[in-house]
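> Prediction below, plus the sequence it came from.
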Amino acid sequence: MSENPARAAVPAHRTAEDEVVDLCRDLIRIDTTNPGDHSGPGERKAAEYVAERLSEAGLEAQVFESHPRRTSLVCRIPGEDPNRPGLLIHGHLDVVPASAGDWRRHPFGGEIADGCVWGRGAVDMKDMDAMVLAVARQRMREGRRPKRDVVLAFTADEEAGGNWGAGFLAQRHPGLFEGVSEAIGEVGGFSVGVGDQRMYLVQTAEKGLAWMRLTATGTAGHGSMIQQDNAVTALAEAVARIGRHEWPVRLPESVRAFLEAAAGALGAELDPEDPGAVIGKLGPIGRMIGATVKNTVNPTGLTAGYKVNVIPQSAAAEIDGRFLPGYEEEFFAEIDRLLGGAVRREFIHHDIALETTADGALYDAMSAALLAEDPQATVVPYCLSAGTDAKWFSRLGIRCFGFSPLRLPPNVDFSGMFHGIDELVPVDSLRFGVRVLDHFLDIC
């Protein structure tokens, strides 16, 4: 496999639909694995590739390196009306690790098979990066300016919290986003089958993030002795309490709106106190939706001891907590209750939850662009169970949505593709997304 997939400039006669697949394949072939500690290859090569593709279309990108090889870029496309607030379109360049031995096709091969592009990043989120690139290039070739300024941001480090990507840009270079009032990014605008309806889920909310390290301390000693303040025991008990805790159902407006629409499509009754009956009929997407009706915590790591006959002085664990919009205070109060007095917590990464309303001109434009391509469908808001770079941009006063449009075959487990093996995106879905984004820019 070539280390540098950059190719000759795309001929001017090619449309966005023609070139989006090649752009996606090229980006997948650039390994931007992000282990979270700067030990990966970084995003530099991908950023240079994107900057070159933009340059071919007459757009100049500013490239920012927050740490060696940790690279983001930003490009502003002037709109017809400079007095209108601008729009941010953002996508991240990094991907989570992938072990080639687990995959049917090489995760960094960008192969086309069974009508799909395969590889790490196919849906998370080099597909959107490619669609944005393709649309921007075509519009520039055709001399079609957006109605308002559009800022394109391709970021590093989203998969590890965004500190070295969107966080770096928002904190150190906020002027790049001057005048921007709204944004679109991942994860929304994708289709799911609910009953006999096809629904497009636009992200209007996302859960907050609390990656935490738990530590217990005790008295070190010989493994043959009775030790009442054993650090491993205290930690294990706390981790078990947290991991098995049943969190109460909570329905923020975005969650309730989706469940009500789904219940209507399924001919079911929604019980706000127990939405499981509706969620259970949703198919694969139900796993994601099920994680948005309550706060969640999963233990993800344990560290203790160095020899079997030595009682260690300390023990540590890592947990992945996600809290719903409006329920952060309740979440941490319950975590502290479950920990008890013998275990302390500290943040590895802590970020806010977000929620906006499913209304306004931008939401209407997203809906109209989707329905123009799929008139029989329904557009509904939803809450993402994970988090995105939107958290960083929201701190600049930007109203954020998830909108990376894809019309998907009913047999594709879209949510299961994120961080999973055999990640892929249908070729027809990429071309659909290009058409929707182009129409969206015409009307937003």
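Here it is on my side, so go on. For clarity, every value in this text was computed on a predicted model and none was experimentally measured.

> And Glu237, which helix or strand is it part of?
helix 231-243 (DSSP states H and E).

> Keeping just the C-alphas, turn the next helix or strand after that helix into PDB.
Next helix or strand after helix 231-243 toward the C-terminus (DSSP H and E): helix 253-266. Output of helix 253-266 as PDB, limited to C-alpha atoms (Å, rounded to 0.1, in the frame of the first residue of the first chain):
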ATOM      1  CA  GLU A 253     -36.700  16.800  24.700                       C
ATOM      2  CA  SER A 254     -34.600  15.500  21.800                       C
ATOM      3  CA  VAL A 255     -35.000  11.900  23.100                       C
ATOM      4  CA  ARG A 256     -38.700  12.200  23.700                       C
ATOM      5  CA  ALA A 257     -39.300  13.700  20.300                       C
ATOM      6  CA  PHE A 258     -37.600  10.800  18.600                       C
ATOM      7  CA  LEU A 259     -39.400   8.200  20.700                       C
ATOM      8  CA  GLU A 260     -42.800   9.700  20.100                       C
ATOM      9  CA  ALA A 261     -42.100   9.700  16.300                       C
ATOM     10  CA  ALA A 262     -40.900   6.100  16.400                       C
ATOM     11  CA  ALA A 263     -43.900   5.000  18.500                       C
ATOM     12  CA  GLY A 264     -46.200   6.600  16.000                       C
ATOM     13  CA  ALA A 265     -44.500   4.800  13.100                       C
ATOM     14  CA  LEU A 266     -44.600   1.500  15.000                       C
END
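
> neighbouring contacts of helix 253-266?
Residues outside helix 253-266 that contact it (CB atoms under 8 Å, 6 or more residues apart in numbering) are 194-197, 199, 201, 204-205, 251, 268-270, 272, 275, 278-279, 281-282, 289, 292-293, 324-325, 355, 357-358, 378, 380-383. All C-beta atoms are positioned from the backbone trio N, CA, C, and that covers glycine.

> Just the buried ones from those, in PyMOL syntax?
Restricted to buried positions by 16 or more other CB atoms under 10 Å, the PyMOL selection for these reads:
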select buried, resi 194+197+199+201+204+205+251+268+270+275+278+279+281+282+289+292+293+324+325+355+358+378+380+381+382+383
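
> one step back: can you point out the buried residues in the helix holding Glu237?
Buried-residue list, helix 231-243, by 16+ other CB under 10 Å: Ala231, Val232, Thr233, Ala234, Leu235, Ala236, Ala238, Val239, Ile242.

> which ones are touching the second one?
Val232 sits next to Ala216, Gly218, Ala304, Gly305, Ile311, Pro312, Ala315 when contact means CB under 8 Å, 6+ apart.

> who wins for neighbours among the residues you listed?
Highest neighbour count within these, by other CB atoms under 10 Å: Ala216, with 27 neighbours.

> what secondary structure does it sit in?
Following DSSP: H, G, I helix; E, B strand; the rest coil, we place Ala216 in the strand state.

> Just list whatever residues bridge to it.
Ala315, Val343 (DSSP bridges).

> For the residue nearest the centre of the chain, give me its contacts.
Nearest residue to the geometric centre of the chain (CA atoms, centre = their mean): Thr388, 4.4 Å. Thr388 makes contact with Glu158, Gly185, Glu186, Val187, Glu206, Cys400, Gly402 under the criterion CB under 8 Å, 6+ apart.

> quick one, phi psi at the second one?
The phi/psi pair for Gly185 (degrees, to the nearest 10) reads phi -160, psi -150.

> From here on, call the first residue 22.
Shifting the count to begin at 22 puts that one at Gly206.

> Now it: closest residue in space that isn't a chain neighbour?
Computed as CB to CB, 6 or more residues apart in numbering, the closest residue to Gly206 that is not its neighbour in sequence is His111, at 4.5 Å.

> quick one: contacts for the one you found?
For His111, the contacting residues are Leu173, Ala174, Phe175, Thr176, Ala187, Ala204, Ile205, Gly206, Asp410, Ala411, Phe414, by CB under 8 Å, 6+ apart.

> List the ones among the contacts of Thr409 that fall in strands.
Among the contacts of Thr409, the residues falling in strands (DSSP state E) are Gly206, Glu227, Cys421, Gly423.
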